[in-house]
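Undergrad: requesting a structural model of the entry that follows:
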Amino acid sequence: MCGNYAQMMEDSRKLFLKYDQGSMVRKYHLENDENYLFIRFMNREYEIARKSGVITRKGSSERAGHPETMSIYDMLCYSEKLPELPPLAGQWESLAVLGGIIGAGHTQRLMTRRELEPFSGKTAELCRACEEMGGKKQKGADVSYILPVFDFFPFWFEFWDGDEEFPPSIQFLWDKNSLQFMHYETLWYIVSFVEDELRRRIS
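TA: As a prediction, the model looks like this:
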């Protein structure tokens, strides 16, 4: 892991320890014991050590990677002043629209043909991978699923396979109120994690 990512994780770990874990448990309905908080991220169980703040996948001593770690910390700490979870709007927006001025600066990142090549011709495999990740099938694209980042916070994944005229394409849609749950940049960490996870599952 590069130095910048490692430092970001360490800074976030230290910051996490300053927050009221009891409030987190109540607000996010987290299972917990005297040593750990438990949370599900992308349909996998993670443990957060109460004393150290270190995040691991449940049943493993290996620390979670950068996207998982930053997403979990940000979700639990971002809206700490709100006693309850913000409501979901039920309206879906792209990252470019959701980010406003920031999104316009970033623009919706388009995956290159080379990055999309592993997905081409594998709609059945992608459907299976989305279902393994807790996704619920939707109408629309060749592959269209609403997946849970956390049990209470979903996103919409869409994939169109390519043909002679058009290359394959991917779209991530987010609830209009997503930025009440976490920072805009964190949504990109989740996108990166999902792309890598899908590649791994269909390879």
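
Undergrad: list the contacts of residue 45.
TA: Contacts for residue 45 were tallied using CB atoms under 8 Å, 6 or more residues apart in numbering; they are 38-39, 57-59. Every residue, glycine included, has its C-beta placed from N, CA and C.

Undergrad: how near is it to residue 143?
TA: Residue 45 sits 25 Å away from residue 143, going by CB to CB, to the nearest Å.

Undergrad: same thing with residue 47?
TA: In terms of CB to CB, residue 47 sits 31 Å off from residue 143.

Undergrad: helices and strands around the helix or strand in which residue 26 is found, which ones?
TA: Counting by DSSP states H and E, the element that carries residue 26 is helix 21-28. Applying 3 or more CB pairs under 8 Å, 6 or more residues apart in numbering; DSSP states H and E, one finds that helix 21-28 makes contact with strand 36-41, helix 66-78.

Undergrad: show me what counts as buried in the next helix or strand after the first one.
TA: Secondary structure here is assigned by DSSP H and E; on that basis, the next helix or strand after strand 36-41 toward the C-terminus is strand 44-49. Within strand 44-49, the residues that qualify as buried are 46-48, counting by 16 or more other CB atoms under 10 Å.

Undergrad: which one of these sits closest to residue 128?
TA: For the buried residues of strand 44-49, the residue nearest residue 128 by CB to CB is residue 46; the value is 23.1 Å.
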